[in-house]
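Enquirer: one predicted model, sequence on top.
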Amino acid sequence: AQTVTQSQPEMSVQEAETVTLSCTYDTSESDYYLFWYKQPPSRQMILVIRQEAYKQQNATENRFSVNFQKAAKSFSLKISDSQLGDAAMYFCAYRIANGGSQGNLIFGKGTKLSVKP
Amino acid sequence: DAGVIQSPRHEVTEMGQEVTLRCKPISGHNSLFWYRQTMMRGLELLIYFNNNVPIDDSGMPEDRFSAKMPNASFSTLKIQPSEPRDSAVYFCAISVWGSDTEAFFGQGTRLTVV
């Protein structure tokens, strides 16, 4: 069975600094997608960034980037120039890519990020 | 833009009562998911539908839980009878046809069973 592990329940970063959130996953599949979702206190789940497993190039979205290591089954999120609005729970998620638009996401337990002014 | 409206935002009920959570996807999609979020267990998939048909309900914890999707614009998750351990945030999410690599979430319903 596929699993997603986030080993850091809580992280803290100084405003304007860089922080990296860790995620590892376990799967026997070769084709899949990986995601990072942000959940602020409003509870809304917001997609931050996604990575297709068949792409070697790491995804980037403005201040957010990932370090995707397929062989190591590692998918870390780097937030550069951290802002107060980045404070939230961050969830790593996995989805197998085997046909259709099922979008069945498997989530890690989350990392609570605090940003200090 | 895909969107999901969930109601109510908050629900407090007494143990033993029936609870119905609602989800209205705003725009086109072909899959709908119900997730439950708790501190202890994180985000758990309860059930999902494809083209309004339930595909996998193995995550539904007990027979007290049931879900329906009578049409593409509406789904319900019902708990009868409710128990305190059902207290959680329940999310509805959709996957959009042609954009099938992510899911769009509603804002969730916080259920408290006392």
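Expert: Thanks, I have it.

Enquirer: centroid residue for chain B?
Expert: residue B:34 (3.2 Å; C-alpha atoms, centre = their mean).

Enquirer: number of nearby residues for the spatially closest residue to that residue that is not a sequence neighbour?
Expert: Spatial nearest neighbour of residue B:34, chain neighbours left out: residue B:46 (4.4 Å); criterion: C-beta to C-beta, 6 or more residues apart in numbering or on different chains. All C-beta atoms are positioned from the backbone trio N, CA, C, and that covers glycine. A total of 19 residues lie near residue B:46 under the criterion other C-beta atoms under 10 Å in any protein chain shown.

Enquirer: so how far is residue B:85 from residue B:46?
Expert: 14 Å (C-beta to C-beta, to the nearest Å).

Enquirer: quick one: contacts of the worst-scoring helix or strand of chain A on mean pLDDT?
Expert: Between all helices and strands in chain A, the lowest mean by mean pLDDT, DSSP states H and E belongs to strand A:106-107, at a mean of 90. Residues from elsewhere that reach strand A:106-107, judged by C-beta atoms under 8 Å, 6 or more residues apart in numbering or on different chains: A:2-4, A:37, A:91-95, B:42-43, B:45.

Enquirer: residues from chain A in reach of chain B?
Expert: Residues of chain A found near chain B (C-beta under 8 Å from any C-beta of the partner chain) are A:33, A:35, A:42-45, A:47, A:50, A:52, A:91, A:95, A:97, A:100-110.

Enquirer: in strands, which of the residues you listed fall?
Expert: A:33, A:35, A:47, A:50, A:52, A:91, A:95, A:106-107 (DSSP state E).

Enquirer: closest one of those residues to residue B:18?
Expert: residue A:107 (28.1 Å; C-beta to C-beta).

Enquirer: please, which helix or strand holds the nearest residue to the closest one once chain neighbours are set aside?
Expert: Take residue A:107 and drop its neighbours on the chain: the residue closest to it by C-beta to C-beta, 6+ apart is residue B:43, 4.0 Å away. Secondary-structure assignment from DSSP states H and E places residue B:43 in strand B:42-50.

Enquirer: paired strands for that strand, with orientation please.
Expert: Strand pairing for strand B:42-50, using DSSP bridges, gives strand B:31-38 (antiparallel), strand B:53-56 (antiparallel).

Enquirer: JSON lines for the ones you listed, including mean pLDDT?
Expert: Formatted as JSON lines, the strands paired with strand B:42-50 follow (pLDDT from 0 to 100):
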{"stretch": "strand B:31-38", "mean pLDDT": "93"}
{"stretch": "strand B:53-56", "mean pLDDT": "88"}
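
Enquirer: so which of those strands gets nearest residue B:113?
Expert: So among those, strand B:31-38 is nearest, using C-beta to C-beta, at 12.5 Å.

Enquirer: so what sits opposite the residue nearest the centre of chain A in the bridge?
Expert: Closest residue to the average C-alpha location of chain A: residue A:36 at 2.9 Å, with C-alpha atoms, centre = their mean. In this entry, residue A:36 is beta-bridged to residue A:49, residue A:92, by DSSP bridges.

Enquirer: which residues touch it?
Expert: Taking C-beta under 8 Å, 6+ apart, one finds A:21, A:23, A:47-50, A:64, A:66, A:75, A:77, A:90-93 in contact with residue A:36.

Enquirer: re the thing from before, I'd like the next helix or strand past the least confident helix or strand of chain A.
Expert: Following strand A:106-107 in sequence, per DSSP H and E, is strand A:111-116.

Enquirer: would you turn the strands paired with strand B:42-50 into JSON lines with distance to residue A:84?
Expert: Below are those laid out as JSON lines (distance: least, C-beta to C-beta, whole Å):
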{"stretch": "strand B:31-38", "distance to residue A:84": "24"}
{"stretch": "strand B:53-56", "distance to residue A:84": "39"}
